[in-house]
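J.: Just a sequence and a predicted model for now, questions to come.
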Amino acid sequence: MKSLFIIFSLLLVNNSMSVAQCNKKVVLTASETTCLDSSGTVKRTASEKSVVRINPTDVIINVNDEHETKCPIKSATCNWSIPFKQGKTSIKAIFTKEGEEKNITIDIEGKEGKITLLFKMEEEPNEIIKVVMDKFEEEKG
């Protein structure tokens, strides 16, 4: 009985740590963007500075310090076994393009310390943006 309680407690703590990642303010920075089609084939690659800020309510995307887009978050799920290194966050949000709202999914995945972001727009399934992050950090404040 005691070991069952210990196992349950460890699972509860691990689950709490995973969910807590969704409530963190994070900044992801990259220097290259890759555009893929729905089968994962590379369509084009661009050298550009991308900064993605995520807080509990919004995803803010800035490209080359020129274009900034604020996307309200509809839902988010997180499962990080090692915070910001091994795990995944999946965010459903609203992206406004040319005055029209689009549903997007942003998947952030950490494998072996390497963070990759996939940006998918429901209305444009053949346009997937992949960004391998140069830097991933928790934002203070």
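T.: All right, it came through fine. Numbers count the residues shown, from 1 in each chain.
J.: Work out for me the element residue 90 sits within.
T.: Counting by DSSP states H and E, the element that carries residue 90 is strand 86-97.
J.: May I see the buried residues of that strand?
T.: Across strand 86-97, burial judged by 16 or more other C-beta atoms under 10 Å covers 86, 87, 88, 89, 90, 91, 93, 95. C-beta here means a position set from N, CA and C on the backbone, and glycine is covered the same way.
J.: can you give me the strands for the protein?
T.: Using DSSP state E, the strands of the chain run over 26-36, 42-54, 58-63, 67-82, 86-97, 100-111, 114-121, 124-132, 135-138.
J.: With mean pLDDT as new columns, can those be given to me in CSV?
T.: Below are the strands of the chain laid out as CSV (pLDDT from 0 to 100):
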stretch, mean pLDDT
strand 26-36, 92
strand 42-54, 93
strand 58-63, 92
strand 67-82, 90
strand 86-97, 91
strand 100-111, 93
strand 114-121, 92
strand 124-132, 91
strand 135-138, 85
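J.: Got phi/psi on residue 40?
T.: When read as degrees, to the nearest 10, the backbone of residue 40 gives phi 90, psi 10.
J.: Report the contact partners of the residue nearest to it when sequence neighbours are not counted.
T.: Excluding the flanking residues, the one nearest residue 40 by C-beta to C-beta, 6 or more residues apart in numbering is residue 128, at 7.7 Å. By C-beta atoms under 8 Å, 6 or more residues apart in numbering, the residues touching residue 128 are 35, 36, 37, 38, 40, 118, 119, 120.
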